[in-house]
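Q: 3D, please:
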Amino acid sequence: MILDLLAALRAIPKIVDALERLGDVATAAQAQARENEKNDKIYDLIDAARERRMHKREAERVSGDSREASTGDGADNGASGE
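A: Residues are numbered from 1 along each chain as shown. So this is what the prediction gives:
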């Protein structure tokens, strides 16, 4: 019985080391999850900015087309009406 107790006592440092490694793995996994979450938020912000920029360019293009068309139409209509 005493030998079993001594064997168990000798195993304690190995058990502690294993528990510390598990704790390190859990900490690393949590850190990775936080990093992934932050990266996802950053990617979402970048995508939203690209989308806004694309819509802005499209709006500028459409408004630019309509200005050109209205200027051209107004000149043509005025000239043919007189």
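
Q: hey, let's count contacts and neighbours off CA atoms from now on
A: Noted.

Q: What is the burial count for residue 58?
A: By the criterion of other Cα atoms under 10 Å, residue 58 has 12 neighbours.

Q: do you know how far residue 10 is from residue 19?
A: As judged by Cα to Cα, to the nearest Å, residue 10 and residue 19 stand 15 Å apart.

Q: Next: residue 47.
A: Separation of residue 47 from residue 19 (Cα to Cα): 42 Å.

Q: same thing with residue 33?
A: With Cα to Cα as the criterion, residue 33 and residue 19 are 21 Å apart.

Q: Residue 9 too?
A: Using Cα to Cα, we find residue 9 at a distance of 16 Å from residue 19.

Q: sec struct for residue 19, please.
A: Taking DSSP: H, G, I helix; E, B strand; the rest coil as the rule, one finds residue 19 in the helix state.

Q: Let me see the confidence value for it.
A: As predicted, residue 19 sits at a pLDDT of 95.

Q: before we move on, what about residue 46?
A: Residue 46 is given a pLDDT of 97.

Q: Equivalent analysis for residue 50, please.
A: At residue 50, the model reports a pLDDT of 95.

Q: secondary structure element for it?
A: Residue 50 is part of helix 2-81, with elements assigned from DSSP states H and E.

Q: who does that helix touch, helix- and strand-wise?
A: Using 3 or more Cα pairs under 8 Å, 6 or more residues apart in numbering; DSSP states H and E as the contact test, no helix or strand touches helix 2-81.

Q: now it: how far from the chain's centre is it?
A: Relative to its chain's centre, helix 2-81 lies at 0 Å (Cα atoms, centre = their mean, to the nearest Å).

Q: low-scoring pLDDT stretches of this structure, where are they?
A: For the chain, the stretches with pLDDT under 70 are 65-82.

Q: hmm, try it at 90
A: 1, 4-5, 7-8, 57-82 (pLDDT under 90).

Q: how near is residue 35 to residue 41?
A: Applying Cα to Cα, the value for residue 35 to residue 41 is 10 Å.

Q: try residue 54
A: Taking Cα to Cα, one finds residue 54 at 20 Å from residue 41.
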